[in-house]
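Student: coords please:
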Amino acid sequence: MVEFRLYYDDNGNVLCYTCDKPEGNYIVVDRLTYAECRFDIKVLDGKIIKSNEGAIITKLVPSLNGTRCTKEDVAIIVHDGYSGDTILWNTKQYEYRYN
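Tutor: You can find the predicted model right below:
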């Protein structure tokens, strides 16, 4: 039996639709969703969120892992051996549903 898959990245953005089985995050979708091949949707908690149902808000938050930046400016990315004060940042996604 053919399995229709939607592959997405860690932020929920659609990467591709395929019946192949490459490595990565995916959900199994129905034939109609596969045929529509929409890239304007997000995947959150294993479910498809369409743009007219709500919004996905991404925010930078301090984290135990992520991108290392100087403590004074999040725009300055530094390597692990940097001698100044640093902080790790990662993204967190929030879902807002329209009523």
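Student: Tell me which residues are up against stretch 79-95.
Tutor: Defining contact as C-beta atoms under 8 Å, 6 or more residues apart in numbering, one finds that stretch 79-95 is touched by 11-12, 44, 49, 54-72, 74, 78. Where you see a C-beta, it was placed from the backbone N, CA and C, and this is true even at glycine.
Student: burial count for residue 43?
Tutor: By the measure other C-beta atoms under 10 Å, the count of residues near residue 43 is 22.
Student: In contact with it, which residues?
Tutor: Applying C-beta under 8 Å, 6+ apart to residue 43 gives the contacts 6, 8, 12, 14, 25, 27, 49.
Student: so the last one, which of the three states?
Tutor: What DSSP: H, G, I helix; E, B strand; the rest coil gives for residue 49 is strand.
Student: tally of neighbours for it?
Tutor: Residue 49: 17 surrounding residues under other C-beta under 10 Å.
Student: That one touches residue 38, doesn't it?
Tutor: No - using C-beta atoms under 8 Å, residue 49 makes no contact with residue 38, being 11.3 Å away.
Student: ok so, going back, point out the ones among the contacts of residue 43 that are inside helices.
Tutor: Using DSSP state H, no member of those falls in helices.
Student: how about these, which pair is most distant?
Tutor: Using C-beta to C-beta, the contacts of residue 43 span at most 14.7 Å, a distance reached by 25 and 49.
Student: The residue positioned nearest the centre of the chain and residue 43: what is the separation?
Tutor: In the chain, the C-alpha nearest the mean C-alpha coordinate belongs to residue 11, at 0.6 Å (C-alpha atoms, centre = their mean). Distance, residue 11 to residue 43, by C-beta to C-beta, to the nearest Å: 9 Å.
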